[in-house]
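Novice: just a sequence and a predicted model for now, questions to come.
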Amino acid sequence: MKGHHIATLKGVQSQKSLYSEYMIMHKNGSSDIARMFLDPFTLKLYSSTAEEVLAMEKLIESGLTIAEAIEVLIENERAK
């Protein structure tokens with residue numbers, strides 16, 4: 001990775017629950033910064049935060065399916 005790539009990468013950021021930015025490195029040496037926006041369901045499905053993982057596990061242990069547990073988490077977040 002070249003110096004200008006490192007400088008660009010330092011500006012990459014995320015806004016929790018809104019988007020994540022990432023750098024794409026091309027074979028020709030150029031690069032791009034992209035933003036990934038996900039719908040609320042997908043955000044919860046792939047979340048790795050301890051709080052959300054524990055909440056999901058508790059809901060599943062109570063008998064809900066993964067999809068049902070995600071919907072509960074989304075509704076709880078909207079109610080805040």
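Specialist: In hand now; what should we look at?
Novice: what's in contact with the longest helix along the chain?
Specialist: The residue-count maximum for a helix in the chain (DSSP state H) belongs to helix 66-79. For helix 66-79, the external contacting residues (C-beta atoms under 8 Å, 6 or more residues apart in numbering) are P40, F41, K44, L45, E52, A55, M56, L59, I60, L64. Quick note: C-beta positions are derived from backbone N, CA and C, even for glycine.
Novice: which ones are touching the fourth one?
Specialist: In this case it means L45. L45 makes contact with I66, I70, according to C-beta under 8 Å, 6+ apart.
Novice: now it: phi and psi?
Specialist: When read as degrees, to the nearest 10, the backbone of L45 gives phi -60, psi -40.
Novice: pull the longest helix of the chain out as PDB, backbone CA atoms only.
Specialist: Extracted in PDB, the C-alpha atoms of helix 66-79 (Å, rounded to 0.1, in the frame of the first residue of the first chain):
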ATOM      1  CA  ILE A  66     -33.700 -15.600  14.300                       C
ATOM      2  CA  ALA A  67     -36.000 -13.600  12.000                       C
ATOM      3  CA  GLU A  68     -38.400 -13.000  14.800                       C
ATOM      4  CA  ALA A  69     -35.700 -12.000  17.200                       C
ATOM      5  CA  ILE A  70     -34.300  -9.500  14.700                       C
ATOM      6  CA  GLU A  71     -37.800  -8.000  14.200                       C
ATOM      7  CA  VAL A  72     -38.100  -7.600  18.000                       C
ATOM      8  CA  LEU A  73     -34.700  -5.800  18.200                       C
ATOM      9  CA  ILE A  74     -35.700  -3.500  15.400                       C
ATOM     10  CA  GLU A  75     -39.000  -2.600  17.000                       C
ATOM     11  CA  ASN A  76     -37.300  -2.100  20.400                       C
ATOM     12  CA  GLU A  77     -34.800   0.300  18.800                       C
ATOM     13  CA  ARG A  78     -37.600   2.200  17.000                       C
ATOM     14  CA  ALA A  79     -39.500   2.600  20.300                       C
END
